[in-house]
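Enquirer: Show me how the following folds:
(one chain, ligands or ions: 1)
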Amino acid sequence: MNPVNVGICGLGTVGGGTFNVLKRNADTIRQRVGRDVRITRVAARQANPACDLTGVELTNDIMDIARADDVDIVVELIGGYDAAFELVKEAVSNGKHVVTANKALIAVHGNELFALAKEKGVTIAFEAGVAGGIPIIKALREGLTANQVESLAGIINGTGNFIMTEMAEKGRAFNDVLAEAQALGYAEADPTFDVEGIDAAHKLTILASIAFGIPLHFKKVYTEGISQISQEDVQFADELGYAIKHLGVARRAEEGVEMRVHPTLIPNKRLLANVNGVLNAVQVQGDAVGPTMYYGPGAGSEPTASAVIADIIDIARQIDSGFSVPPLGVAEPDETVRVLDIEEVESAYYLRMNVADQVGTMAAVAQIMRDNEINIEAIIQKEPKEGHNMVTLVMLTKAVKEKRLNSALAQLGDMPQVMEGVTRIRVELLEG
Ligand code: HSE
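Expert: Residues are numbered from 1 along each chain as shown. Below you'll find the predicted structure:
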């Protein structure tokens, strides 16, 4: 049988890993596909010293790959929105299949790209876009396809989890850990995508679409980053028996679906609270299967290459049959499902505030909670530091609609005894 020809665009962290693993495991891949899968062309701004390009055509124009006759599958590993969008449109228009690790591209332009791919009879595959080496797209779209997905919750940004873990375990400073994540090749080109939750929101958009059979709704994801999380909060959370993780949550509710990314307290006894370092994990609750969990490396060269190559192999196996699974797992995404506003979401909360150490402060705080029908679950107050007339008050609430919590926060903010505002972090109690 003829070989399947692959053109790779981008030879950075993931591109270099993909190139090397495809070459190293060529015999195994041939056995699995039933034909050779070979790299014919690479587009890169500069050669990667870790990759031996002997016998491969090297260009610095990505569009050469999208137009070449000797490329069946275009592998897009350049990242970003615009150039990647043009490249994929061109490749698909030329009848080429596409494999991408670009979650931003899929989250923002996926609806349009999938429609074009359907028209042209080609596949766009994106396993590597979510949770690095974990085959979560395949698990959710194919392995769990019998289920109504009730909820999913995931640690889906390796850089963010690396930062939260180092802060919690070693008391390291935020910027110092971020610099290390960048050096290790985990972070996005713009690291604010990692720490402000944009990367996780891209990934959650994709997971939620597959879970609920809805179009990609990136703009409707509520997104909050981890850059405001302090050592103090990490330590108070620990004292209360919780870890703080940057979580993506998608949940089916009566009135619609929730899609949100934010720092979250998780009880220490839960599996997700113990996912550390650059590791990712996604917990999926299906109506038939119950709770399931997918765990592994969320970033890095060869872990992400593992997912890219799985997609290449999938397409190579199907290339002559014309068969492929719909990208979001449904024939037509349901446009009628509403994405809930964050104020409609119900959650428990961790609150921390610095208050004046004077008679009646606690009573006034408690009165505001009572007026807003917010049930206090736990409370910590320590003696003031010597020479200070201010104490830190930390509380956990029971679940309440965010709208009601916001009304309490506004009233607390107006209290003269409450200084510097109130820190609010959501709490997920989770099963499993
Ligand atoms: N910057 C991403 C992360 C890379 O840290 O998870 C993998 O998507």
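
Enquirer: hey, let's count contacts and neighbours off CA atoms from now on
Expert: Fine.

Enquirer: for the helix or strand of the chain with the lowest mean pLDDT, which positions count as buried?
Expert: Within the chain, no helix or strand scores below helix 174-183, which has a mean of 90 by mean pLDDT, DSSP states H and E. By neighbour count with 16 or more other CA atoms under 10 Å, helix 174-183 contains the buried residues 174, 177-178, 181.

Enquirer: Residues of the stretch 151-300 of the chain that sit close to the ligand?
Expert: 157-159, 186-188, 194, 298-299 (CA under 6 Å from any ligand atom).

Enquirer: Pull the residues that contact the least confident helix or strand of the chain.
Expert: 159, 162-163, 166-167, 187-188, 191, 227 (CA atoms under 8 Å, 6 or more residues apart in numbering).

Enquirer: again, only this time at 7 Å
Expert: 159, 163, 166-167, 187 (CA atoms under 7 Å, 6 or more residues apart in numbering).

Enquirer: Mind listing what's buried along stretch 234-254?
Expert: 234-238, 240, 242-252.

Enquirer: CA atoms only: put it into CSV for me.
Expert: Below are the C-alpha coordinates for stretch 234-254, written out as CSV (Å, rounded to 0.1, in the frame of the first residue of the first chain):
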residue,chain,number,x,y,z
VAL,A,234,-3.0,28.3,50.2
GLN,A,235,-2.2,27.9,53.9
PHE,A,236,-5.7,28.7,55.2
ALA,A,237,-7.1,26.2,52.6
ASP,A,238,-4.7,23.6,53.8
GLU,A,239,-5.7,24.3,57.5
LEU,A,240,-9.3,23.7,56.5
GLY,A,241,-8.4,20.4,54.7
TYR,A,242,-8.5,21.7,51.1
ALA,A,243,-6.1,22.2,48.2
ILE,A,244,-6.5,25.1,45.8
LYS,A,245,-6.5,24.0,42.2
HIS,A,246,-7.2,25.9,38.9
LEU,A,247,-10.2,24.0,37.7
GLY,A,248,-12.3,23.9,34.6
VAL,A,249,-15.9,22.9,35.3
ALA,A,250,-18.8,22.0,32.9
ARG,A,251,-22.0,20.9,34.4
ARG,A,252,-25.5,20.2,33.1
ALA,A,253,-28.1,22.1,35.1
GLU,A,254,-31.9,22.3,34.7
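
Enquirer: Show me what the mean pLDDT comes to for it.
Expert: Per-residue pLDDT over stretch 234-254 has a mean of 96.

Enquirer: Met353: helix or strand, and which one exactly?
Expert: Per DSSP states H and E, Met353 falls inside strand 346-356.

Enquirer: Rounded mean pLDDT for that strand, please.
Expert: Rounded mean pLDDT across strand 346-356 is 97.

Enquirer: and the residue of the chain most remote from its centre, which of the three is it?
Expert: Distance from the centre of the chain peaks at Val359, with 45.8 Å (CA atoms, centre = their mean). At Val359 the chain is in coil, as set by DSSP: H, G, I helix; E, B strand; the rest coil.

Enquirer: What of Arg38?
Expert: Assignment for Arg38 (three-state DSSP): strand.

Enquirer: That one: what's its closest spatial neighbour, skipping adjacent residues?
Expert: Asn5 (5.3 Å; CA to CA, 6 or more residues apart in numbering).

Enquirer: Wasn't the one you found part of a strand?
Expert: Yes: membership of Asn5 in a strand is supported by three-state DSSP.

Enquirer: Next, count neighbours for it.
Expert: If you count neighbours by other CA atoms under 10 Å, Asn5 ends up with 18.

Enquirer: and what of the one 4 residues further on?
Expert: In terms of burial, Cys9 registers 30 neighbours under the definition other CA under 10 Å.

Enquirer: ok, it touching Ile78?
Expert: Yes: counting by CA atoms under 7 Å, Cys9 touches Ile78, with 6.2 Å between them.

Enquirer: List phi and psi for the residue of the stretch 301-432 of the chain found nearest the ligand.
Expert: Residue nearest to the ligand within the stretch 301-432 of the chain: Thr304 (7.6 Å; CA to the nearest ligand atom). Main-chain torsions, Thr304, degrees, to the nearest 10: phi -70, psi -40.

Enquirer: How confident was the prediction at it?
Expert: 96.

Enquirer: Surely it touches Gly133?
Expert: Yes: using CA under 7 Å, Thr304 makes contact with Gly133 at a distance of 4.8 Å.

Enquirer: Am I right that Val308 is in contact with Val130?
Expert: No: using CA under 7 Å, Val308 is not in contact with Val130; the gap is 10.9 Å.

Enquirer: What distance separates the opening and closing residues of stretch 292-305?
Expert: 24 Å (CA to CA, to the nearest Å).
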